[in-house]
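Asks: Quick one, structure for this:
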Amino acid sequence: MVARSSKARVQRKAHYNAPNHVKSKKVSAHLSTELREKYGVRSARVCHGDTVVVVRGNEDIRGTEGRVMEVITKDGRIVVDGITINQADGTAVARPIHASNVVIIKLDMKDEWRAESVTRKGAEE
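Replies: Here you go, the predicted structure:
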């Protein structure tokens, strides 16, 4: 989806009101250099079961590696195993991270459709 307006509120509204197939594409992240050379693609959609490393954010989470436990397509964020934040009462809850702030270091290829999609996109380029 192309931002057709320079107004921030119009872009936010377009993001919130976008159809699901457009929101799904916004939950993508860069691949590591090894995966980039192997598959011939630069980025891929983050899926449950992928292993990612956080490259942007606070010092306490930057550099953390973990598996993706949940993908929240509504706001473009993912939940990574081992990254939590403490609530006011002291309980730890999962901390959602924006998908653009991570790098995928291991793809979960259990889904044959995804495996075929990634290899097909690499062959096109």
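
Asks: What pLDDT is listed against the residue nearest to the spatial centre of the chain?
Replies: Computing the C-alpha centroid of the chain and ranking residues by Cα atoms, centre = their mean puts A99 first, at 3.1 Å. pLDDT recorded at A99 is 94.

Asks: Roughly how far does it sit from D89?
Replies: Distance, A99 to D89, by Cβ to Cβ, to the nearest Å: 29 Å. C-beta: built from backbone N, CA, C; applies to glycine.

Asks: And D75, by the same measure?
Replies: For D75, the distance to D89 - Cβ to Cβ - is 24 Å.

Asks: Same drill for these two, tell me which one is more crowded.
Replies: Neighbour count, other Cβ atoms under 10 Å: between D75 and D89, D75 has more, with 13 against 5.

Asks: quick one: furthest residue from the center of this structure?
Replies: D89 (29.4 Å).

Asks: element containing it?
Replies: Assigned by DSSP states H and E, D89 falls within no helix or strand.

Asks: Contact partners for it?
Replies: D89 sits next to no residue when contact means Cβ atoms under 8 Å, 6 or more residues apart in numbering.

Asks: now do G66
Replies: 51-52, 80-83.

Asks: ok, and what's touching the lengthiest helix in the chain?
Replies: For the chain, the helix with the greatest residue count under DSSP state H is helix 112-124. By Cβ under 8 Å, 6+ apart, the list of residues contacting helix 112-124 from outside reads 39-41, 44, 47, 107-109.

Asks: Restricting to C-alpha, output it in PDB.
Replies: Extracted in PDB, the C-alpha atoms of helix 112-124 (Å, rounded to 0.1, in the frame of the first residue of the first chain):
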ATOM      1  CA  GLU A 112       5.400 -26.100   2.200                       C
ATOM      2  CA  TRP A 113       3.600 -23.100   0.800                       C
ATOM      3  CA  ARG A 114       6.000 -20.700   2.500                       C
ATOM      4  CA  ALA A 115       9.000 -22.800   1.400                       C
ATOM      5  CA  GLU A 116       7.800 -22.700  -2.200                       C
ATOM      6  CA  SER A 117       7.000 -19.000  -2.000                       C
ATOM      7  CA  VAL A 118      10.500 -18.100  -0.700                       C
ATOM      8  CA  THR A 119      12.300 -20.200  -3.300                       C
ATOM      9  CA  ARG A 120      10.100 -18.900  -6.100                       C
ATOM     10  CA  LYS A 121      10.700 -15.200  -5.200                       C
ATOM     11  CA  GLY A 122      14.500 -15.900  -5.100                       C
ATOM     12  CA  ALA A 123      14.400 -17.500  -8.600                       C
ATOM     13  CA  GLU A 124      12.500 -14.500 -10.000                       C
END
